[in-house]
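**Student:** Sharing a sequence plus its predicted fold:
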Amino acid sequence: MKTTLHQTPQDLVEAKEDYGQNCSANPTMGDIINRRFSRRGFIGGSLAVAAIGATVSPLALISADQAKAAGVSTFDFEEIEAGVDENHHVAKGYDADILLRWGDKVFADSPEFDTANQSAESQLKQFGYNNDYVGFIPLDGAADHGLLVVNHEYTNAELMFPNWAKVGKITEDGKEENGVIKGEYTKDLVDIEMAAHGGTVVEIRKVDGKWQPVLEGKMNRRITAMTEMTISGPAAGHDRLKTMADPTGTKVLGTINNCAGGVTPWNTWLMAEENFNGYFSGKVKEDHPEFKALKRYGVPGDDYAWGQFYDRFDLSKEPNEANRFGWVVEVDPMDPTSVPVKRTALGRLKHEGAESIVNKDGRVVFYCGDDERFDYVYKFVTTGKFNPDDRAANMNLLDEGTLYVAKFSDDGSVDWLPLIQGQGPLTAENGFASQANVVINTRLAADALGATKMDRPEDVQPNPKTGKVYCMLTNNSKRKDEQVDAANPRGKNLFGHIIEITETDMDFASTKSTWEVLLKCGDPSVAEVGASFSTATTKNGWFGMPDNCAIDANGRLWVSTDGNNKKATGRTDGVWAVETEGEARGTSKLFFRVPIGAEMCGPCFTPDDSTFFLAVQHPGDAGLPTFENPPTRWPDFKDGMPPRPSVVAITKQGGGKIA
Ligand code: FEO
Ligand code: CA
Ligand code: CA
């Protein structure tokens, strides 16, 4: 069977004009004259400080307090040069060691990776493809021993399978010429793809200063697109979740497109299902009851051939299967026999991640971005309280609570609007007969409430030290000048921005907060870009396309990016350390960069900041790459071996905290 993929699946996600469609009339036309650009939109850092060279640590010359006062970064590392080449680069004085590659053993009896003879059976026992979210759960309170939980978001067939892709040519305007890239899919290849999706739990231990997987680890586990899961919360058992294979509407096979995620305060792992639409093919007729909702979610995306071999991914045969994806999946990594649970109370959207914080009243708050142009920012507040003394008591906290969507106003306030059946427009006559319908059609419910259409909301991360919440907005080339508003202040927003939300009185469950723009991204030396990095930021220090982020133990922000290579910024993606406090606010420094074609995912610190785990996703995905002729063979540079997505462990030489 053949399918025609003229770009990689993820490129299609980026490129498709109307993947999911937000046809609501929610305002994007801000009051342009009065629009509220960030009060700190362009911070005038000291020019004298800017004269400090790009590779000289300011902290080598002055104290941290002096640096803050002078408006320079307090991150104590020598910034690396931005650029593009075949390898990764990390700041001087740090080691970036490859911990786990696609195909590496996860169990003692895993087979050796053999690209010429890969099978689904082998892949089920090996590290999956395209590592994205990385979480670290210490075991026995140790900083040098723990569980690593890693999402495997999607697959790049053209880089995984020998003789699969035939290279055509794509012209500058995106047209195919002289043939196309065509892969000949078989059920065997689809099964390998399904086994390469999902996630991995693996015990890791530091031995002689270097992290290693513990292949005998009793909690080691692979989760895939075929793993049995249950569905809980308001939508469980609803007719719209019932299929021929599951007349109960409570059991589903697998999880897909697991992008970012989270580790809960009770040490379960959340896997966010993002671009689930791409796995479905086939059609339903326009008069089908699911037609409108499927369209709002961009289903079918037709990016994979799975529907050719599995009826459940063909809408014409199983129209309800798509309703069983787009959720946050909770996994107990401490119990390898536990059944993962899709928690429908958190809504159905293209979930980027699910980062959380325990509120001062004990309730737990989860922040979620819906990664699509013109989609929304959400938070979920549990009804019950976190019990730090009884893990079992927390295991169903995610089934009851209130889901809110954000409405950002030009006066700097944000209202969190509850998605509760029967309140406001969420009535039976508007199509929301039950809370099940509200959560299954979360996007439509948020449309009805008048949420603010954002520029691709990705990771949303609370900072427990400061009470601020950071929202990564990757970009939105489709926003027209007449559609700008204060929270999305640039038309044709190619480089994205970061919004900082302040939760009132550190009350993360608050329904009224304030916000401002922390950074408008892009090259600040190009006036029309309108970027707002501080003037202390060097030519290496700016970035575009913020995607994920992490907060270190000092409460400082680290941002990873997706798309700098593709947007010809003269740099690959990487991790930048971003100052958010004092006069240095808005100053950014490049710490690590990925090889050509890769995206930077998974920033995750150990609790003591001694290790920084990063996920290098889709290395070599630049131009029209093939298994035989990739632009890099990172990380091992062996003849015949394609590039391999890998998790990297960064430590300081001689020990100590990162920066
Ligand atoms: Fe999978 Fe929104 O990145
Ligand atoms: Ca992402
Ligand atoms: Ca994060």
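**Tutor:** Happy to help now that I have it. Ligands and ions are numbered 1, 2, ... in the order given.
**Student:** Stretch 536-546 close to ligand 3?
**Tutor:** No - residues of stretch 536-546 are not located near ligand 3 by Cβ under 5 Å from the ion, the shortest gap being 11.1 Å. For the C-beta atoms, the positions are set from N, CA and C on the backbone; glycine is no exception.
**Student:** give me every residue that touches the residue nearest the centre of the chain.
**Tutor:** Averaging the C-alpha coordinates of the chain gives a centre point, and the residue nearest to it by Cα atoms, centre = their mean is Ala260 (3.7 Å). Remark: with contacts taken as Cβ atoms under 8 Å, 6 or more residues apart in numbering, Ala260 is in contact with 132-133, 151, 272, 352-354, 458-459, 548, 601-602.
**Student:** repeat for Gln21
**Tutor:** Contact criterion Cβ under 8 Å, 6+ apart gives 295-296, 298 as the residues in contact with Gln21.
**Student:** In three-state terms, label Tyr378 for me.
**Tutor:** When classified by DSSP: H, G, I helix; E, B strand; the rest coil, Tyr378 comes out as strand.
**Student:** Secondary structure element for the residue in the stretch 201-350 of the chain that ligand 1 sits nearest to, which one?
**Tutor:** Ligand 1 sits closest to Cys259 of the stretch 201-350 of the chain, with a gap of 3.3 Å, by Cβ to the nearest ligand atom. Counting by DSSP states H and E, the element that carries Cys259 is strand 258-263.
**Student:** For the contacts of Ala260, which entry has the maximal number of neighbours?
**Tutor:** By neighbour count, taken as other Cβ atoms under 10 Å, the most surrounded of those turns out to be Asn151 (34 neighbours).
**Student:** Check whether that one really touches Ala196, as I assumed.
**Tutor:** No - because the distance of 11.9 Å does not satisfy Cβ atoms under 8 Å, Asn151 is recorded as not touching Ala196.
**Student:** one step back: distance of the residue nearest to the centre of the chain from Gly640?
**Tutor:** Remark: distance between Ala260 and Gly640 (Cβ to Cβ, to the nearest Å) = 32 Å.
**Student:** and the residue of the stretch 401-550 of the chain nearest ligand 1?
**Tutor:** Glu458 (4.8 Å).
**Student:** what sits against that residue?
**Tutor:** Applying Cβ under 8 Å, 6+ apart, the residues near Glu458 are 260, 352-353, 369, 371, 472-474, 546-548, 562.
**Student:** What is the subsequent helix or strand relative to the lengthiest helix in the chain?
**Tutor:** Using DSSP state H to define each element, the chain has its longest helix at helix 187-196. Beyond helix 187-196 in the direction of the C-terminus, DSSP H and E gives the next helix or strand as strand 198-207.
**Student:** hey, C-alpha coordinates of the following helix or strand past that following strand in CSV?
**Tutor:** Note on strand 198-207: by DSSP H and E, the next helix or strand toward the C-terminus is strand 210-213. As requested, C-alpha coordinates have been extracted for strand 210-213 and formatted as CSV (Å, rounded to 0.1, in the frame of the first residue of the first chain):
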residue,chain,number,x,y,z
LYS,A,210,27.8,9.4,34.7
TRP,A,211,24.2,8.5,34.3
GLN,A,212,23.4,5.0,33.0
PRO,A,213,20.1,3.1,32.4
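**Student:** Double-check Asp303 against Gly278; I have them as touching.
**Tutor:** Yes - here Asp303 reaches Gly278: they are 3.6 Å apart, a contact under Cβ under 8 Å.
**Student:** In what element of secondary structure is the closest residue to ligand 2 within the chain found?
**Tutor:** Nearest residue of the chain to ligand 2: Asp547, at 4.4 Å (Cβ to the ion). Secondary-structure element containing Asp547, defined by DSSP H and E: strand 546-551.
**Student:** For that strand, which strands pair with it and how are they oriented?
**Tutor:** With DSSP bridges as the criterion, the sheet partners recorded for strand 546-551 are strand 557-561 (antiparallel).
**Student:** Just want the angle from the partner strand to strand 258-263.
**Tutor:** Interaxial angle, strand 557-561 versus strand 258-263 (axes from the mean of the first three to the mean of the last three Cα atoms, to 10 degrees): 160 degrees.
**Student:** Check which element follows strand 557-561 along the chain.
**Tutor:** Past strand 557-561, heading to the C-terminal end, the next element that is a helix or strand (DSSP H and E) is strand 574-578.
**Student:** As CSV, the contacts of Ala260 with pLDDT, secondary structure and distance to Arg343 would be great.
**Tutor:** As requested, these are exported to CSV (pLDDT from 0 to 100; DSSP: H, G, I helix; E, B strand; the rest coil; distance: Cβ to Cβ, whole Å):
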residue, pLDDT, secondary structure, distance to Arg343
Asp132, 98, strand, 19
Tyr133, 98, strand, 16
Asn151, 98, strand, 16
Ala272, 98, strand, 11
Glu352, 98, coil, 16
Gly353, 98, coil, 14
Ala354, 98, coil, 9
Glu458, 98, strand, 20
Asp459, 98, strand, 19
Asn548, 98, strand, 21
Cys601, 98, strand, 22
Gly602, 96, strand, 22
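**Student:** Redo those as CSV? Include distance to Gly141.
**Tutor:** Formatted as CSV, the entries for those read as follows, by distance: Cβ to Cβ, whole Å:
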residue, distance to Gly141
Asp132, 27
Tyr133, 23
Asn151, 25
Ala272, 27
Glu352, 30
Gly353, 26
Ala354, 24
Glu458, 32
Asp459, 27
Asn548, 26
Cys601, 27
Gly602, 23
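**Student:** Where do the helices of the stretch 451-600 of the chain begin and end?
**Tutor:** Chain-ordered helices for the stretch 451-600 of the chain, with DSSP state H, counting those that start in this stretch as the definition, do not occur.
**Student:** So which residues on it come close to ligand 1?
**Tutor:** Glu458 (Cβ under 6 Å from any ligand atom).
**Student:** Would you state the strands of the stretch 451-600 of the chain in chain order?
**Tutor:** 454-455, 457-462, 468-473, 497-503, 512-520, 546-551, 557-561, 574-578, 588-593, 599-605 (DSSP state E, counting those that start in this stretch).
**Student:** strand partners of the last one, parallel vs antiparallel please.
**Tutor:** This points to strand 599-605. According to DSSP bridges, the neighbouring strands of strand 599-605, each with its direction, are strand 611-617 (antiparallel).
**Student:** So for Tyr10, what pLDDT did the model give?
**Tutor:** No Tyr there; residue 10 is Gln. At Gln10 the predicted local confidence, pLDDT, stands at 42.
**Student:** could you give the angle of the helix or strand Asp415 falls within to strand 512-520?
**Tutor:** According to DSSP H and E, Asp415 maps onto strand 413-418. Strand 413-418 runs at 120 degrees relative to strand 512-520, counting by the same axes, to 10 degrees.
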